[in-house]
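Visitor: Sequence below, structure please.
(one chain, ligands or ions: 1)
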Amino acid sequence: MDLLEAVRGCTFDDFLLAPQRGVVLRRDPRAIDLRTLFSRHLPLSRPLVSANMDTITRAAMAIVLAEEGGLGVIDRGYRSGDIQPQVQEVAAVKRTQHGIISDPHTIGPSQTIGEAIRKMRATRVGSLAVVDDRRRLAGLLTERDVRFVGVDLTVADRMTPRERLVVHVGPIALPDAAQLMAREKVKKLPLVDADGGLAGLVTARDLIQHQRHPFATRDGRGRLRVGAAIGAAGDYLERAAEAIRAGADVLVIDIAHGHSAVMERAIEAVRKRFGEVELVAGNVATGEGAAFLADRGVDAVKVGIGPGGGCATRLTTSFGIPQVEALVQCRLAVGDRVPLIADGGVKRDGSIAQALLFGADTVMLGSALAGTEETPGEIVMKPLLMGDAQKVVQVPFKVFRGMASIGAIRDRLDLEEAEPQELEAFGAEGIEVSVPARGSVRGVIADMLKHLCSSISYGGAESLADLRQRFWNAPDRYLVKLTPASRAESFQR
Ligand code: XMP
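Guide: Have a look, this model is predicted:
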């Protein structure tokens, strides 16, 4: 079967997938392997990514996505030159959890308790390693030690001295640290080198987080991973430098038309300045566009021109490729050279499995996560007429908007300084809608993962990778092209 011909002009709701003989015993996300790659050097346990949109992904969303095994990409929806707000979101994600803290915050034994309290507040950590002037561990000072005591006392007066601490000499693996701490019943384990120099700190709080989120996306230091969108013009190199400094694990050059001279120049400049930094680029929707980016050495390609829920590109320009065809084109063009991110157009959970089968390695979600607690923005109450009862009730809503909507652009640009053409050029390509406010995104993600596991079961596979392989080996066994009547039977409820 010629897969590309079969999907020409088609998107998710043009297909069903034919059920195969099932082999999994339980449709359980804890038991079924859903591992994938976000980008060439960034593996994920779950194939879900939150979109770099200013009404979707700030630290709160990125933290949950990473804890649940996916990834969040912090948007760059701030005014040009206003880099710190984005960097703070990146830093907030990196700060929430650690494995072994390699550079714990420290204080000297002769400093005052007042200074210690100020340091704890400024760094938002509850324990300071006390080190002498040669950085050898002298003790540990925790919040409990500084509570209700005079601020003029010295740190040495209140700390637990080294000889009363459980301390590990030399390197240690996290599970061994956990065992040692359980055995010794301590909440903190300072690490020192052979000369007694401070080498790290392990906290029970971090270990608990590791146990609670076994699929979490973490870096080599046990911190949650996070991406940062940087754009391709204006302050993008400065933004990239600051994001990297704050610990961003991957940069995303996010422009509407990624198969372009602007993109080419941006990739070159980022590579020249930041070398091997993990770099994603997009968006494109054709095989040629994907190959163009892969040839320039990016680590993942973001696919999707116009399928997005907040997107008006196709309405205003008539350009775009239906998302299933776009994914198949891009996958055929790049083979397994580079992972693909299916960005936009997922309106029901079933489309996630489709995007992954038709060529994507991960799925980027905007509107599907809109309105959840972790999205930025205020809740507004709006009156809603309940049809049958003829009653008006107040319902909580949140705003979801395209990054090229007038609202998003107005917030981003200094209108007085903006060139009129600039506004016009962007202005027409995004829309703004109110969506009902709902609970935590964790529940949404849990449902998506359960449904994906069910798709794997129906597809006769034992893992996500297995399902994708089976599909590409024999797409004709799976593809069911719908008629208007069978589409209505499938999706109209
Ligand atoms: P969903 O369907 O998940 O799509 O909401 C999210 C993706 O939509 C894209 N996006 C836009 N596309 N104009 C566009 O043409 C816009 O204003 C806009 N805002 C977001 C983006 O790729 C996002 O990840």
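Visitor: ok, and what's touching stretch 62-71?
Guide: With C-beta atoms under 8 Å, 6 or more residues apart in numbering as the test, stretch 62-71 has contacts from 34, 38, 42, 44-50, 57, 72-74, 89, 92-93, 96, 209, 213, 215-218, 224-227, 250, 362, 374, 440-442, 445-446, 449. The way it works is simple: take the backbone N, C-alpha and C, and place the C-beta from them, glycine included.
Visitor: Buried subset of those residues, written for PyMOL?
Guide: Provided next is the PyMOL selection string for whichever of the contacts of stretch 62-71 are buried by 16 or more other C-beta atoms under 10 Å:
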select buried, resi 34+38+42+44+45+46+47+48+49+50+57+72+73+74+89+92+93+96+209+213+215+216+217+218+224+225+226+227+250+362+374+441+445+449
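Visitor: Near the ligand, list only the ones from the contacts of stretch 62-71.
Guide: For the ligand, no contacts are drawn from the contacts of stretch 62-71 by C-beta under 6 Å from any ligand atom.
Visitor: From the contacts of stretch 62-71, which land in helices?
Guide: Among the contacts of stretch 62-71, DSSP state H puts 89, 92-93, 96, 209, 441-442, 445-446, 449 in helices.
Visitor: Val192 - how many residues pack around it?
Guide: Around Val192 there are 20 other residues, counting by other C-beta atoms under 10 Å.
Visitor: meant to ask about Ala312, not that
Guide: 17.
Visitor: ditto for Leu3
Guide: Other residues near Leu3 come to 17 when the count uses other C-beta under 10 Å.
Visitor: swap in Val23?
Guide: As a burial measure, Val23 scores 12 neighbours (other C-beta under 10 Å).
Visitor: For it, give me its contacts.
Guide: 457, 460-462.
Visitor: Pipe the residues you listed into CSV and attach secondary structure, distance to Gly430 and neighbour count per row.
Guide: Below are those laid out as CSV (DSSP: H, G, I helix; E, B strand; the rest coil; distance: C-beta to C-beta, whole Å; neighbours: other C-beta atoms under 10 Å):
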residue, secondary structure, distance to Gly430, neighbour count
Ser457, helix, 38, 20
Gly460, coil, 40, 18
Ala461, coil, 37, 21
Glu462, coil, 41, 18
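Visitor: Make a markdown table out of the residues you listed and add distance to the ligand.
Guide: Converted to a markdown table, those look like this (distance: C-beta to the nearest ligand atom, whole Å):
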| residue | distance to the ligand |
| --- | --- |
| Ser457 | 25 |
| Gly460 | 28 |
| Ala461 | 25 |
| Glu462 | 28 |
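Visitor: and which of these is nearest Val130?
Guide: Nearest to Val130 out of those is Glu462 (C-beta to C-beta; 52.5 Å).
Visitor: what's the spacing between that closest one and Leu34?
Guide: 11 Å (C-beta to C-beta, to the nearest Å).
Visitor: Please produce TSV containing the ones in helices among the contacts of stretch 62-71, extended by pLDDT.
Guide: What follows is the ones in helices among the contacts of stretch 62-71, written out as TSV (pLDDT from 0 to 100):
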residue	pLDDT
Glu89	97
Ala92	95
Val93	97
Thr96	91
Gln209	92
Val441	98
Arg442	98
Ile445	98
Ala446	98
Leu449	98
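Visitor: Between these, which sits nearest Ala266?
Guide: Nearest to Ala266 among the ones in helices among the contacts of stretch 62-71, with distances taken as C-beta to C-beta, is Glu89, at 21.6 Å.
Visitor: Surely that closest one is in contact with Val73?
Guide: No: Glu89 lies out of contact with Val73 (C-beta atoms under 8 Å); the separation is 10.6 Å.
Visitor: low-scoring pLDDT stretches of the stretch 301-450 of the chain, where are they?
Guide: 413-428 (pLDDT under 70).
Visitor: what ranges do the helices span in it?
Guide: Applying DSSP state H, counting those that start in this stretch to the stretch 301-450 of the chain gives helices spanning 313-317, 323-334, 350-357, 406-412, 420-427, 441-458.
Visitor: Same question for the stretch 1-150 of the chain.
Guide: 3-7, 59-67, 84-96, 113-123, 143-146.
Visitor: Mean neighbour count, these: which tops it?
Guide: Greatest average neighbour count among those goes to helix 59-67 (a mean of 25), per mean count of other C-beta atoms under 10 Å.
Visitor: any idea of the mean pLDDT for that helix?
Guide: Here helix 59-67 scores 98 as its mean pLDDT.
Visitor: Would you mind naming what in the stretch 1-150 of the chain lies close to the ligand?
Guide: Near the ligand, when you scan the stretch 1-150 of the chain using C-beta under 6 Å from any ligand atom, you find 51, 53.
Visitor: Show me the beta-bridge partners of the residue most central in space within the chain.
Guide: Nearest to the geometric centre of the chain sits Gly72, at 1.3 Å (C-alpha atoms, centre = their mean). Note on Gly72: beta-bridge partners by DSSP bridges are Ser50.
Visitor: same check, this time on Val252
Guide: Residues in beta-bridge contact with Val252 (DSSP bridges): Ala229, Val280.
Visitor: Begin at 33 from now on, thanks
Guide: In the new numbering, first residue 33, that becomes Val284.
Visitor: Any figure for the gap between it and the ligand?
Guide: 10 Å (C-beta to the nearest ligand atom, to the nearest Å).
Visitor: was I right about that residue contacting Ala313?
Guide: Yes: under the criterion of C-beta under 8 Å, Val284 makes contact with Ala313 at 7.5 Å.
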